[in-house]
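Enquirer: give me coordinates for this.
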Amino acid sequence: MRIVVHGQQAFGKSVLEALLQRGEDVVAVYCAPDKEGRPIDPIKELALERNLTVFQPSSYSDDSVCDELRTLSPDLVVMAYVTLFVQEEFLNLPTHGTIQYHPSLLPLHRGPSSINWPIIQGAKRTGLSIFWPDNGLDTGPILLQKEVDIKEGDTLGSLYFNELFPLGVEAILESVDLVRDGSAPKIVQDETQATYESWCKTKDVEIDWSAATEEAYNLIRGANPQPGAWTVHEGQALKIFDCVKIPEVTGSPGEILSIDDEGLIVATGDGGICIRRVRPEGSGKMSVQEYTSTHQLEIGALLG
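Expert: Next comes the predicted model:
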């Protein structure tokens, strides 16, 4: 098949690399427009190294963009991490249409932050979907899905890079084979089970220390590393990253209970959390020990 890869960043690059390594006929690459002052997108860099034609439209609503794709005579478009809206006319141009990766078990967690929210909400399992996109937001028929466990210590970062990233590349290759063989299903999503969440933003992840330990813990790890759960210390936002639950302590919510080489223990609504890595405003990430060496922290003081 004549394949067009449409993606960006590390995941898009890995999908392109995997397709090329097994000898697929990749005829062009679409990726996001360049941003001034930012490094070249990894997928674009790889495409240029392999002498592939690269297209970077800022919108897919222009007829000329569809005309460009039409000249490539593609059999399949593979979408591997695409943030721009792509209209159905473009999606349906290839002989076999377009398939897309989404890191959740659709119809659950439609939307752009579909890895953050299951962790934040305390889910024990999630997964990925390869589906046939349409004009809706993650609403098209399912081709295949893969499930993964959300382990106790998983963060947004670990779940993506250790599970959903590599499994996603494998799932796309498997899906391409199913399309080529003419055996790729199109399973209509059950709208009665659908959920949608928008971007997980900084405003969504302020830590409520009066919440249960489990709830605060899930919020912190579901926002680690982006956008970073936060609290307030000395009148400024302090982002919280690596932490562990400490269920057997008591104190007023937000109260600093201890400071030692293990970290900083803060009371929650029914226990505590030991914070080990933070990021103050205007600085990079650092250990709690580094932070306490330059900021006044006292046992009994309140965060938040």
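
Enquirer: which secondary structure state does Val65 sit in?
Expert: With DSSP: H, G, I helix; E, B strand; the rest coil as the basis, Val65 sits in helix.

Enquirer: now it: closest residue in space, sequence neighbours ignored.
Expert: Distances taken as C-beta to C-beta, 6 or more residues apart in numbering place Pro57 nearest to Val65, at 4.8 Å, with adjacent residues excluded. The C-beta positions use only the backbone N, C-alpha and C, and glycine is treated the same way.

Enquirer: quick one: neighbours of that neighbour, just the number.
Expert: 18 (other C-beta atoms under 10 Å).

Enquirer: residues in contact with it?
Expert: Residues in contact with Pro57 (C-beta atoms under 8 Å, 6 or more residues apart in numbering) are Tyr30, Pro33, Val65, Glu68.

Enquirer: which one is Phe85 nearest to, not counting chain neighbours?
Expert: What sits nearest to Phe85 in space, not counting adjacent residues and going by C-beta to C-beta, 6+ apart, is Tyr60, at 6.9 Å.

Enquirer: count of residues packed around that neighbour?
Expert: Using other C-beta under 10 Å: Tyr60 sits among 19 other residues.

Enquirer: with Gly182 instead?
Expert: 7.

Enquirer: can you pull the contacts of it?
Expert: Gly182 neighbours (C-beta under 8 Å, 6+ apart): none.

Enquirer: if I look at it, how far off is Val4?
Expert: Look at Gly182 and Val4: by C-beta to C-beta, to the nearest Å, they are 19 Å apart.

Enquirer: same question for Arg279.
Expert: 39 Å.

Enquirer: these two: who's more crowded?
Expert: Neighbours per residue (other C-beta under 10 Å) separate Arg279 from Val4, with Val4 holding more: 23 against 18.

Enquirer: now for the residue most central in space within the chain: which residues touch it?
Expert: Centroid-nearest residue in the chain, with C-alpha atoms, centre = their mean: Ile115, separated by 5.1 Å. Taking C-beta under 8 Å, 6+ apart, we find Ile115 in contact with Pro103, Ser104, Thr126, Leu156, Leu159, Tyr160, Leu164.

Enquirer: hang on, the earlier thing: now the buried members of the contacts of Pro57.
Expert: Among the contacts of Pro57, those classed as buried by 16 or more other C-beta atoms under 10 Å are Tyr30, Val65, Glu68.

Enquirer: C-terminal to the biggest helix by length in the chain, what's the next element?
Expert: Ranked by number of residues, the top helix in the chain under DSSP state H is helix 165-181. Sequence order places helix 213-222 as the next helix or strand after helix 165-181, per DSSP states H and E.

Enquirer: immediately after that next one, which helix or strand?
Expert: Heading C-terminal from helix 213-222 (DSSP H and E), you reach strand 229-233.

Enquirer: which residues sit against that following strand?
Expert: 202, 205-207, 209, 219-220, 222-223, 237-240, 254, 280, 295, 297, 303-304.

Enquirer: same question, stretch 259-272
Expert: So stretch 259-272 is contacted by 209-213, 216, 243-258, 273-276, 288-289, 292, 297, 299, 303 (C-beta under 8 Å, 6+ apart).

Enquirer: buried subset of those?
Expert: Counted by 16+ other C-beta under 10 Å, the contacts of stretch 259-272 give 209, 211, 213, 216, 243, 245-246, 249, 251, 253-257, 273-276, 288, 292, 303 as buried.

Enquirer: can you flag which of those belong to helices?
Expert: Thr213, Ala216, Val288, Thr292.

Enquirer: going by distance to Leu76, which of those residues wins?
Expert: Ranked by distance to Leu76 (C-beta to C-beta), those are led by Ala216 at 44.6 Å.

Enquirer: ok, and the closest non-adjacent residue to that closest one?
Expert: Thr268 is the one closest to Ala216 (C-beta to C-beta, 6+ apart), at 5.2 Å.

Enquirer: the one you found: how many residues sit nearby?
Expert: As a burial measure, Thr268 scores 27 neighbours (other C-beta under 10 Å).

Enquirer: which stretches in the stretch 1-150 of the chain count as strands?
Expert: Assigned by DSSP state E, counting those that start in this stretch, the strands in the stretch 1-150 of the chain fall at 2-7, 25-30, 53-55, 76-80, 98-102, 125-131, 142-149.

Enquirer: look up how far Glu248 lies from Asp67.
Expert: On the measure of C-beta to C-beta, Asp67 and Glu248 end up 66 Å apart.

Enquirer: next, the buried residues of the longest helix of the chain.
Expert: Judged by neighbour count (16+ other C-beta under 10 Å), helix 165-181 contains these buried residues: Phe165, Leu167, Gly168, Val169, Ala171, Ile172, Leu173, Ser175, Val176, Leu178, Val179.
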